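Chemist: task: produce atomic coordinates for the following.
(one chain, ligands or ions: 1)
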Amino acid sequence: MITLNVNIDHAATLRNARGGTEPCPVTTAVKAEIAGATGIVCHLREDRRHIKDRDVYRLRETIQTRLDLEMAASDEIIAIARDVIPDLVTIVPEKRAELTTEGGLDVAGSIEKFKKLSDMMHEKNIEVSYFIEPDQKQIDACVAVNADIVELHTGAYSNARGQKMMEEFEKLKSGAKYAKSCGLVIVGGHGLTYSNTALMCQIREFREFSIGHSILAHSVYTGIEQAVRDMLNIIHNAECTNNIR
Ligand code: PXP
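Modeler: From the prediction side, this is the model:
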């Protein structure tokens, strides 16, 4: 069964718009868990544009499922991660000017650096996931740096239409198969929505999806619990259909 990790960054974006306390990202996370999320994701960016340090510590104390801290490989954030001890960290590239994480991480370009980072997290019993494009060179690099998980970037698939979308689907499918053959756990994330997630479920190697913006946007209409349930229904129905085929 594919599970769902809900990224609650944009509850913090909305809160920060007025500098107050509402909506509370921690309450959002708890409600997402009640609705069936199996993990909560937050990204502590170096510019702290949405999630703040205090949110991460409060999430760690409060949530009952797995906490996934998305982060850049910077010394400051590494120190915070080793103090908070989330269940896992997802290492992403980070550029200050971007609206959201744009491309996959170049793990192959800095093997020694990322191997050291994996070791520092494993020392604290934190699992390590790398957010990469579905390409063999990056997957091999993740094996070389002792990754536990790879999160395959679904952004290009999500932004594409028609034939191009199917080409991106095929890239994700072969990337996921290859990563599985290397013994890695495979997650998919970025840009997944209520209309493009069902097709992703055909890639049976995915163990989990990490979804944020679309669920938080939908929750403005339905409330967060219903928004999480609606996404879970899409995933479960798609998996049932796949099993019948
Ligand atoms: N996975 C990673 C590694 C991300 O950086 C993000 C965006 O924060 C997501 C998943 C969620 O993307 P979206 O908000 O588009 O669902």
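Chemist: pLDDT (mean, whole number) over stretch 86-101?
Modeler: Averaged across stretch 86-101, the pLDDT comes to 84.
Chemist: now swap in stretch 237-245 and tell me
Modeler: 86.
Chemist: spatially central, which residue of this protein would that be?
Modeler: Closest residue to the average C-alpha location of the chain: residue 210 at 3.8 Å, with C-alpha atoms, centre = their mean.
Chemist: which positions in this protein make contact with the ligand?
Modeler: Counting by C-beta under 6 Å from any ligand atom, the chain comes close to the ligand at 7, 9, 43, 70, 90, 92, 100-101, 131, 151, 189-192, 210-214. Glycine gets a C-beta too; all of them are placed from N, C-alpha and C.
Chemist: these in strands, which ones?
Modeler: Those of the residues of the chain next to the ligand mapping onto strands are 7, 43, 70, 90, 131, 151, 189, 210-211, per DSSP state E.
Chemist: out of the residues you listed, who's nearest the ligand?
Modeler: residue 189 (3.1 Å; C-beta to the nearest ligand atom).
Chemist: hey, which helix or strand in this protein has the poorest pLDDT?
Modeler: helix 224-244 (a mean of 94; mean pLDDT, DSSP states H and E).
Chemist: send me that one as CSV with only the CA atoms.
Modeler: The C-alpha coordinates for helix 224-244 follow below in CSV (Å, rounded to 0.1, in the frame of the first residue of the first chain):
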residue,chain,number,x,y,z
ILE,A,224,-7.6,19.6,6.2
GLU,A,225,-9.0,16.3,7.4
GLN,A,226,-11.3,15.9,4.4
ALA,A,227,-8.5,17.1,2.0
VAL,A,228,-6.2,14.3,3.3
ARG,A,229,-9.0,11.7,3.1
ASP,A,230,-9.8,12.8,-0.5
MET,A,231,-6.2,12.3,-1.5
LEU,A,232,-6.0,8.9,0.3
ASN,A,233,-9.1,7.8,-1.5
ILE,A,234,-7.5,8.6,-4.9
ILE,A,235,-4.4,6.6,-4.0
HIS,A,236,-6.3,3.6,-2.6
ASN,A,237,-8.8,3.5,-5.5
ALA,A,238,-6.0,3.6,-8.0
GLU,A,239,-4.1,0.8,-6.2
CYS,A,240,-7.3,-1.3,-6.1
THR,A,241,-7.8,-0.8,-9.9
ASN,A,242,-4.1,-1.7,-10.5
ASN,A,243,-4.6,-4.9,-8.4
ILE,A,244,-7.6,-6.0,-10.5
